[in-house]
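K.L.:
need the 3D shape of this:
(one chain, ligands or ions: 1)
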Amino acid sequence: MNCRTFRWFVIVFLVCCCAEVALLPVLSAQAVDTTSWFRLLTVDSGLSISLNGTKLSARAMRIGHTVLVPLSVLHQAWGAACAVSPAGSTLTIGSRRAVWQGMSATYRLDHLDLPWSVVPVLSGGQLYVPLRELMEPMGAFVGKRTPSGDVVVAYSTKWQKEPWLRQGQLAQLETVNLTHTSVTRVATTRKVVAFTFDDNWDAVAAVRIAELFRTYNGHCTFFVIGTNVRMHPDAIRTMVRLGHDIGNHTLSHPAATSITDATFVKQIQACEQVLNGMGLTSRPYFRFPYFAEDSHLMRIVTDQGYITVGSAWTIEDTGPNRSAALSVATVRRFISPGVIFVGHANSMATYDAMKAVLPELARQGYSFVSISELLRGR
Ligand SMILES: [Zn+2]
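P.N.:
So this is what the prediction gives:
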């Protein structure tokens, strides 16, 4: 080792030690949910970092075209652990491990030497690593949001074990490119709110939700999957009898972005045909499974005679951290006149959340409307 190399080695070692010390309080103070099925990290053009939509205090840095983030952010997002020894730095996320030596121009992952576009940098006691260069080979999806240019990184350690999860999650991620031509709310000062419930996997919960809204003299909207309609026709009849809207959510819930246009059209039509077989219709409202949509697909939906219904907020009743309490808290936080919420008629937890929150909203003067009532200005 020549003198210059040795000097670098000492600097890098000290730097990594500092970074490790900086990380330690985070590691011990805060349990990290590495099983979380979907974590989305966003770095905006102002270098602010958000995790699943919540802004973090740490900031990114940019060198040339490369965006770098502190290791502590990777820890927060995906439970990344950084170990430092004289042999080099190791970053572990799930079963993937990246190893690099100080200021070397490459790092090693799965027996491959991969180039850094910019070598890791120490600043303010934090070690910054190039985000895309590290996370993409780790198996993350890295993309850019248009037109803002925000860098988005989605990654789940679960993807390594269950690759089938990835498709749906990536489809969901594509919602970051939404062109916002779907209806997500209406501008009004009247206290109306449209709750919508997708999928209908749990027919008992769906019927209870349908009945609950009637006790407040209100309505809601169910976006149903054709195959579930076939399985639970009586639940659908109850929804219709109680005056709720039924919308089209395709026959079998594929991500529209991952099937051909022709298949997508068939999926819409087949859902409609199942309802037609019962003397009902899904027209004119459509919601994309996973909100996997783009302007081309929206045009297809329009050509089929449907209006695409999005939502301003989810009630957080999917994912591993779902609970009635979280859904209630989310509704409380985001309720405003004319807003469309999306939930899922897939479990009693969603019913429990509605049962808890509707009386509160009613006391505040809100009435509960279906999509057609919302758009008609009821
Ligand atoms: Zn759905």
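
K.L.:
point me to the residue of this protein nearest the ion.
P.N.:
residue 198 (3.9 Å; Cβ to the ion). All C-beta atoms are positioned from the backbone trio N, CA, C, and that covers glycine.

K.L.:
check contacts around residue 105.
P.N.:
Listed by Cβ atoms under 8 Å, 6 or more residues apart in numbering, the contact partners of residue 105 are 115-116, 119.

K.L.:
other residues contacting the longest strand along the chain?
P.N.:
Longest among the strand segments of the chain by residue count, using DSSP state E, is strand 192-199. Strand 192-199 has contacts (Cβ under 8 Å, 6+ apart) with 206, 209, 213, 220-225, 228, 247, 249, 253, 287, 309, 311, 315, 335, 337-346, 350, 354, 361, 366-371, 373-374, 378.

K.L.:
near the ion, which residues of the chain show up?
P.N.:
198-199, 289 (Cβ under 5 Å from the ion).

K.L.:
quick revisit: what's across from the residue of the chain closest to the ion in the sheet?
P.N.:
residue 223, residue 344 (DSSP bridges).

K.L.:
that one: neighbour count?
P.N.:
Other residues within reach of residue 198, judged by other Cβ atoms under 10 Å, total 27.

K.L.:
what pLDDT does it get?
P.N.:
In this model, residue 198 is scored at 95, pLDDT.

K.L.:
ok, which stretches of the stretch 101-250 of the chain are helices?
P.N.:
For the stretch 101-250 of the chain, helices defined by DSSP state H, counting those that start in this stretch occupy the ranges 131-135, 158-161, 164-173, 203-215, 226-231, 233-241.

K.L.:
and those as TSV, adding mean neighbour count and mean pLDDT?
P.N.:
Compiled in TSV, these are given as follows (neighbours: other Cβ atoms under 10 Å; pLDDT from 0 to 100):
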stretch	mean neighbour count	mean pLDDT
helix 131-135	22	84
helix 158-161	16	58
helix 164-173	17	52
helix 203-215	19	97
helix 226-231	19	94
helix 233-241	17	96
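
K.L.:
pLDDT weak spots in the chain?
P.N.:
1-38, 84-86, 110-112, 137, 139, 143, 145-147, 157-182, 378 (pLDDT under 70).

K.L.:
and the gap between residue 150 and residue 135?
P.N.:
Separation of residue 150 from residue 135 (Cβ to Cβ, to the nearest Å): 15 Å.

K.L.:
list buried residues within the contacts of residue 105.
P.N.:
Neighbour counting with 16 or more other Cβ atoms under 10 Å marks 116, 119 as buried within the contacts of residue 105.

K.L.:
cross the contacts of residue 105 against strands and list the overlap.
P.N.:
Residues of those located in strands (DSSP E): residue 115.

K.L.:
hang on, the earlier thing: so how far is the longest strand of the chain from its chain's centroid?
P.N.:
Chain-centre distance of strand 192-199: 18 Å, with Cα atoms, centre = their mean, to the nearest Å.

K.L.:
cool, thanks, signing off.
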